[in-house]
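The sequence and its predicted three-dimensional model are supplied below.
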Amino acid sequence: MGFAYGQAPGARGGTDSVRVYFRQGDARLDPLFRENAVRIRAFTERFLTLVQDTTRHILGLRITAGASPEGGDMLNMRLSERRAEAIRRLVRNYMLRDVAWSYTVPKGADWEGLERLVRADVYMPYRDAVLFELQFTPEWVTRKRRIVDGRKKHLMDMEGGRVWRYLENRYFPDLRASTLQIWYEKDEQKVVEKRTEVVKKDTVYIMPQGKPEIKIEVKEKEQIKEVPTVVPEVEEVKSTAKPFYMGLKANLLYYAVAVPNIGVEFYLGRGWSVAGNWMYAWWKSDKSHRYHRIYGGDLEVRRWLSYGKKPLTGHHIGLYGQLLTYDFEWGGKGYMGGKPGGSLWEKPHYGGGIAYGYSAPIGYRLNLDMTLGVGYLGGTYYEYIPKDNFYIWQATKNRHWFGPTKAEITLVWLLGHDNTNSKKGGKQ
């Protein structure tokens, strides 16, 4: 619900509230986000009507703010404090400055709100197991002053991370919010005085001939004030599609040296992904003795160091293996890796190593991944020289190379449900 407004018939007091939502990792109040402007405008009108009504008196205000539980405790608390300050500035700038609030409650990670949402969703998968963790598992479990376990870890590990991703997509956006609540009461004495003023008297004198004066008093009917009907806001129906994270990749370094390539990466869950890349260049000119041929690929298993945040984004390390064959010759001595006239599987160059990289968001569905791999590359290669229309073999050698064997500046197109970037300083 975006706001609440209620007062029981005959009650002396009532409450009113407004709830605004924030983007991930952001404490700025965006009027265009999730219809915040509509809620704020409606609440402001009700609030000004309230303070101008002399029969009602504001008792106090309360501000609560929270964050979703992905980030660390300090980050979540700082974020909720800033979100509370954002709605506090709303009160200062657009409402009466002499109205005070009773207190402010920055919650940090809003675990209570998450439990309330899960409890209300009777169709949620693994609902009972999630409620058990939220109710009975401490937020942090320490041993010898070190954190060794906790509620978040249990939820993130549940069913291979699928439950955590469900919570992230269905419930966490509702936790990134701030609420301003008002308590007020009626002044019964002023209400009676106001009603009394409504009763008016009109006096009409009739002077018929030969009869005594007759005085008639006509009372106006007391006007009944119509109470407007409050239509509750309908909660947005959210998609229940299962999250899916995939990246389609192109190494810009290879394109810069005329080697077309394509890659794909799948997120497996719990901070793991698998990536495969393929390159193929087959340029030649027999007349000028120019050969620029290479094809092959690599397979890499990655561990994302930013596990618990946005998948396929941030720092990562990995182990990779690669196979390739090539033929390079630019008018002089040529070098051919792999069996002449053979396929990729006949005496190819092979290698592997360890890679480190960082994938940075640069667009709504675009990342730029920079990776460097160090390891071993070996295999048989042949030296030859072109002469007339022939290529004369010179030597057969074995290559044993230790050092950089992989370099990427890769453009990644993010595919899949919920696989998008948003402006953040940490996913909240």
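Yes, it's here.

hey, let's count contacts and neighbours off CA atoms from now on
Will do.

Give me the sheet partners of the top strand by length along the chain and which way each runs.
Longest among the strand segments of the chain by residue count, using DSSP state E, is strand 390-415. When sheet partners are counted by DSSP bridges, strand 390-415 sits next to strand 246-251 (antiparallel), strand 366-387 (antiparallel).

how about those strands, which one is nearest Trp278?
With CA to CA, the closest approach to Trp278 among those belongs to strand 246-251: 9.6 Å.

in the helix or strand just after the closest one, what's buried?
Per DSSP states H and E, the first helix or strand lying C-terminal to strand 246-251 is helix 252-256. Neighbour counts over helix 252-256 (16 or more other CA atoms under 10 Å) mark Leu252, Tyr254 as buried.

Quick one: residues contacting Leu377.
His349, Tyr350, Gly351, Gly352, Arg399, His400, Trp401, Phe402, Thr405 (CA atoms under 8 Å, 6 or more residues apart in numbering).

Quick one: list the elements packing against the helix ranked longest in the chain.
Across the chain, the longest stretch assigned as helix under DSSP state H is helix 73-94. When contacts are defined as 3 or more CA pairs under 8 Å, 6 or more residues apart in numbering; DSSP states H and E, helix 73-94 packs onto strand 56-67, strand 103-109, strand 177-186.

Now render those strands as CSV, adding mean neighbour count and distance to Thr137.
Output for these, formatted as CSV (neighbours: other CA atoms under 10 Å; distance: least, CA to CA, whole Å):
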stretch, mean neighbour count, distance to Thr137
strand 56-67, 22, 20
strand 103-109, 19, 15
strand 177-186, 20, 25
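
got TSV for those strands, with distance to Trp393 and mean pLDDT too?
As requested, the helices and strands packed on helix 73-94 are exported to TSV (distance: least, CA to CA, whole Å; pLDDT from 0 to 100):
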stretch	distance to Trp393	mean pLDDT
strand 56-67	69	83
strand 103-109	69	85
strand 177-186	72	84
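
Nearest to Val20, out of the ones you listed?
Among those, strand 177-186 comes nearest to Val20, with 5.5 Å by CA to CA.

And the contacts of the closest one?
Residues outside strand 177-186 that contact it (CA under 8 Å, 6+ apart) are 12-22, 55-67, 80, 83-84, 87.

do stretch 309-322 as well
70-71, 245, 247, 267, 271, 273, 296-306, 350-361, 367, 419, 426-427.

And the residues you listed, which of them are buried?
Buried by 16+ other CA under 10 Å: 70-71, 245, 247, 267, 271, 273, 296-304, 350-361, 367, 419, 426-427, out of those.

rewinding a little: out of the contacts of Leu377, which comes closest to Lys153?
For the contacts of Leu377, the nearest to Lys153 is Gly352 (32.9 Å; CA to CA).

where does the residue lying closest to the closest one once chain neighbours are set aside land in three-state SS?
Excluding its sequence neighbours, the residue lying closest to Gly352 (CA to CA, 6 or more residues apart in numbering) is Gly321, at 4.1 Å. Classification of Gly321 by DSSP: H, G, I helix; E, B strand; the rest coil places it in strand.

Give the burial count for Gly321, as a bare number.
18 (other CA atoms under 10 Å).

Name the residues linked to it by a beta bridge.
According to DSSP bridges, beta-bridge pairing links Gly321 with Leu299, Gly352.

so which of the helices and strands packed on helix 73-94 comes closest to Val118?
strand 103-109 (15.2 Å).

Can you name every helix or strand that that closest one contacts?
strand 56-67, helix 73-94.

got the angle between that strand and helix 73-94?
Strand 103-109 and helix 73-94 meet at an angle of 140 degrees, taking axes from the mean of the first three to the mean of the last three CA atoms, to 10 degrees as the criterion.

who does strand 103-109 pair up with?
Checking strand 103-109 against DSSP bridges gives partners strand 56-67 (parallel).

Helix or strand with the lowest mean pLDDT in the chain?
Sorting the helices and strands of the chain by mean pLDDT, DSSP states H and E puts strand 214-219 at the bottom, at a mean of 46.

May I have the phi/psi pair for Arg127?
phi -60, psi -50 (degrees, to the nearest 10).

Equivalent analysis for the one 5 residues further on, please.
Dihedral angles of Phe132 (phi, psi; degrees, to the nearest 10) stand at phi -60, psi -50.

From the recorded domain assignment, give the ranges for the protein.
The chain breaks down by the TED database into domains covering 13-186, 245-415.
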